[in-house]
Structure formats: structure tokens, C-alpha cells
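# Just need the structure, nothing else, for what follows:
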Amino acid sequence: MESWCLFLTLLAAAVSGEFHLQTQETKEVAEVGSDAFLSCTLSCPQGLSELKVHWFRSHYFWTVYLLENGKEDKERQSPKYSGRAALRAQPESGDLTLALHNVSLSDADMYHCLVENSTSKDSKEVVIELIVIGEGSVPVLGVSLEDNSIGISFVTSDWFPSPKMHWEVDGSMVVTDNQDIIRNQSNGLFQVESRILLKRPSDGHVYAAMRHPVTRKEVGLYMEIAADMFPHLSAWAYAFIFTVVILTAGAIITIIYIKKQHRQKANLQRTVDALSADVAWRKAVMTPEYITLCPETAHPELSVTPNFITLMNVPPQEPPTANDSRFETERCCLGLPSFYSGSYYWEVELGNCLEWAVGVASPEVRRRGQAYMFRPQEHIWCISRFVEDVKALDTQEAHLPVANGQLKRVGVYLNLSKLRQLTFYDPTSWDILYTFNNVGHTRGNVLPFFWLGRNGDMVRLMNRGQQ
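Numbering: from 1, shown residues only. Just a heads-up that it's a prediction; the model follows:
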């Protein structure tokens, strides 16, 4: 009964043109002068002639970007965003992410992505808050003599919002003699100055730090002032000034050292990423993704079963309707959902099928025109069997070590993190058959891909509860 309900729901959605919008984050933090990307993804790409894509700020008529009837409308775009706002990818891919270049403080606001279907009058909207920050400059440390005390000042610029300053003397947090001085800069950012007086030689161990109120990132400097440097006698004044110069140089060296530590941390992060990738693979295998076939993309000589999990090498009972999504040249079919980021695993039952291909493809894959070879240059990443020969259809084809050309089932693992890899497994032994790199190129989304040759029988998705 539940499968029939799912079928009726999907059929109603296909007839009415229903679609869904989703976003990865409801908040985006960007630094002044950088580029911000406000995520918005269309669940199932549709014809642009039917969709109106409207990015606007808190008020509907404050248009940031407008796409209507398949064309960008620059006349109704706010002059503030002319030349700065555009879609990150081709809208046909379903990626409606807004790229906003050279962000300024005045860009901070709630941004709306409203998509309307002119035919069905259906509309969906997501809202993302853009938070603009300034991460500050390298601090300037100043040291001065004041009577029998040592004054230390800490000055840093280009912050937004203003950071929180704190001092520690001999491991204990102290309150500054005066409130921190916050100055408005001409560019709208803040300059912060804080100072403290050291009155006793025992106060020689000092730590000054600032913390960003949004990112919670803290940057600090340690200083050690020898007890003999405190100005008990005026004869030590020149020695103290010399020491201050040395300490200032030491602070610069410390900053350089911190940057070096950050590089070493990046190397360590790469190792952690490799371990995280292994954990993500194990998690994906334990919870396979539920994949369905999209009949609207199937070649006219192929048919999809009513439960959307089996692709058969027979024409459908009723001639399929023509649409821009359907493959007219190659005997292919795409699956759902569309993947943009994360890690996913699914399995495909091949049985005794003699001609098949399984993998992923970009929404930009060619649907009609002259015949072509399956390879990454055509936005397809897959392995295939033709009679007894099993290959990986990479830029350079690679023969796969499959005994007697028989492979009853294939596991597909898609990792769209930094590595962007697609790996095929033999589920009976967990041997790796082949791995593609840079799948979907830089940041594009991909969909499950299937092909049946004329000598093919059928392929079936092994979803949870069906294996």
C-alpha cells in the first residue's frame, strides 16, 4: 500500500510540475572584499521557459538577480548589484546558487531565492542570512615607560563587529585601566586599542588576545618582561628601550612562526581528511542511498517499471512524450536524486545482462545529436560491459579485472567532498574495480546514470528493503 502511495505521489508531482528548493546553510558568513555564495538548489531541473528565478533582499522589489523566460533581466536589477551578482552555475543544472562578488558591509541582509512556475503557478522560496565580517589586521604592539610602570598597548584595525579584548598577567585575567578604545574607520570597519599598566616586576608574564564575536577565532601574543627591566632607576631606561625593540622583533617572529604552524596544521588536516573519507565510506555503505529512475529521461526504446527501480530493454506500452530531458541518441536513463555534496552509496543488480553501463552524469550531458563515447569529457563517469569486456570509460579506457567478464552486482560510492571521487566495488568481495577523480568537475551536481545496449536485458536498483 505504501509503494502505491509513493507512486501516486510521484505521478502527481510529475504531472503538476511540482518541484522543491533546498539550501545547504541558512546563514553565510563572508569577509569584506571576498565573494559570497548563497546556496539554493532545485531538486529536479525543469525547463527555464517555465521558471522565474528571483533573488531579492528583505523587500521583494529590492532585486539582486532576476531570471525570467530563460533570460537574465538586468533592467529590474538593483544598480548596486550590477556586475556583482550572478548565478554560480548554469541554471539548467538545478544549481541556483547566487554568487555575490566583492562583498561590502552594506550587503549584510536576509536574501530570498524565490522560484515560480508560470505554468503550474507553483512557487517555492528559501531564505539565507548573509553576515559580513572583518577579520582584522595583524596587531601592533606598543611599549612605553610611565613613571615606575610599564605601559603596553595593543592596536588592531579592520574588524567588524569589534572584537573582545582581554589581558592575562601571570595566568590571571585582569581588567584594563581604561575601557578599550573603539574607533570607526572610513571604510565602516573598526580599530580597537587596549592598554594595560604593569606596576610590579612580578607582572612580567603577559598575554594579550582578541576574539571575533562571530567566528569565535582568537589571536593572541605572549610577552615576558624581565624584572630587571622595570624602571626602578633611570639608568635602566635605555636598556629597557633596547629590550622593547627585541620584544617587538620577537613578536614579529612569533607571528611568522604562527603562520608556519598553520601550514603544518594544513598538512595534518589533509591526513585527517583521508581518515574522514574512510569513515564516510563506511557510513555510506551502512546506510545506502535510495535511488529511483527518472522515466522522463529514459530513451524511447527503454522502459521503467512502475516502482522506478528497474530499467528494461523494451519500449514502454505507450509512446513516451518528447521533452528536453529525454535521451534521443544514446540508450540512457538518469536517476534521482541529484547530488551536490556529501558521500553516498548504492548498488545495482546486473544479472546476466551483456551490455550495460553504470555511473553518474552531469545534468549538462548531451541528450540528442550525433552518437558519442561515454567519458568525462562528455560529462559521464561510468564503467560498462560490452559482451565479455568490462571497462572503465575514463579519458583513457581501462580494462577491469573481472573474472570471465561476469559481474552480477556493482557497488557505487560517490564522495563529493574535496576529493570528488567516484569508486566502483564488487560487493561480493569489496574489491575496488576503479576510481574516477574530479567527478562533476569543480562544484557541479551529478545524477545516477544507466545505459542498456541492444543486447542488454535489464538492470535493477538494490534499494533498502529490496536487497
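# So which residues of the stretch 151-300 of the chain form strands?
According to DSSP state E, counting those that start in this stretch, the stretch 151-300 of the chain carries its strands in the segments 164-169, 172-174, 181-184, 190-198, 205-211, 218-224, 292-293.
# Any stretches of this structure with poor pLDDT?
Low-confidence segments of the chain (pLDDT under 70): 1-17, 45-48, 175-179, 201-204, 227-238, 266-281, 403-405, 442, 464-467.
# Starting from L350, give me the distance back to the residue positioned nearest the centre of it.
Taking C-alpha atoms, centre = their mean, the centroid of the chain lies closest to S341, which sits 6.4 Å from it. Counting by C-beta to C-beta, to the nearest Å, the gap from S341 to L350 is 28 Å. No exception for glycine: its C-beta is placed from N, CA and C like everyone else's.
# do the same with G342
The gap separating G342 from L350 is 26 Å, by C-beta to C-beta.
# Please identify which of these two sits among more neighbours.
Taking neighbours as other C-beta atoms under 10 Å, G342 and L350 compare with L350 leading, 20 against 13.
# now the more buried one: how far from V402?
Taking C-beta to C-beta, one finds L350 at 11 Å from V402.
# Which residue comes closest to the residue nearest to the centre of the chain once chain neighbours are left out?
L416 (5.0 Å; C-beta to C-beta, 6 or more residues apart in numbering).
# Looks like that neighbour contacts S338 (just checking).
No - using C-beta atoms under 8 Å, L416 is not in contact with S338; the gap is 11.0 Å.
# tally of neighbours for the nearest residue in space to V314 that is not next to it in sequence?
Leaving aside its sequence neighbours, V314 sits nearest to S303 (C-beta to C-beta, 6+ apart; 5.5 Å). Per other C-beta under 10 Å, the neighbour tally for S303 reads 21.
# Surely S303 and R331 touch.
No - the pair S303 / R331 is not scored as a contact, 11.5 Å apart, by C-beta under 8 Å.
# can you give me how far stretch 383-400 is from the chain middle?
From the chain centre to the centre of stretch 383-400 is a distance of 31 Å (C-alpha atoms, centre = their mean, to the nearest Å).
# do stretch 186-197 as well
Distance of stretch 186-197 from the chain centroid (C-alpha atoms, centre = their mean) equals 34 Å.
# And that stretch, what's buried?
Residues L189, F190, Q191, V192, E193, S194, R195, I196 are the ones in stretch 186-197 that count as buried (16 or more other C-beta atoms under 10 Å).
# With stretch 21-30 instead?
Neighbour-count burial for stretch 21-30 flags L21, T23, E28, A30 (criterion: 16+ other C-beta under 10 Å).
# ok, back up a step: identify, from the buried residues of stretch 186-197, the entry nearest to Y434.
Distances from Y434 to the buried residues of stretch 186-197, taken as C-beta to C-beta, are shortest for L189 (51.1 Å).
# Enumerate every residue touching the closest one.
Applying C-beta atoms under 8 Å, 6 or more residues apart in numbering to L189 gives the contacts V32, L105, G134, S157, D158, W159, F160.
# Buried ones among the residues you listed?
Neighbour counting by 16+ other C-beta under 10 Å classes V32, G134, S157, D158, W159, F160 among the contacts of L189 as buried.
# Could you dump those into JSON lines and include distance to F240?
Formatted as JSON lines, those follow (distance: C-beta to C-beta, whole Å):
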{"residue": "V32", "distance to F240": "39"}
{"residue": "G134", "distance to F240": "35"}
{"residue": "S157", "distance to F240": "27"}
{"residue": "D158", "distance to F240": "31"}
{"residue": "W159", "distance to F240": "31"}
{"residue": "F160", "distance to F240": "36"}
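# Sort out for me which of those are in helices.
Among these, none falls in helices (DSSP state H).
# farthest pair in those residues?
V32 and S157 (12.1 Å).
# residue ranges for the helices of the stretch 151-300 of the chain, please.
237-286 (DSSP state H, counting those that start in this stretch).
# what about Q261, how many neighbours?
By the criterion of other C-beta under 10 Å, Q261 has 10 neighbours.
# and what of L66?
Quick note: L66 (other C-beta under 10 Å) scores 20 neighbours.
# Can you say which helix or strand has it in it?
Per DSSP states H and E, L66 falls inside strand 63-68.
# Packing partners of that strand?
Judged by 3 or more C-beta pairs under 8 Å, 6 or more residues apart in numbering; DSSP states H and E, the packing partners of strand 63-68 are strand 51-56, strand 85-87, strand 98-100.
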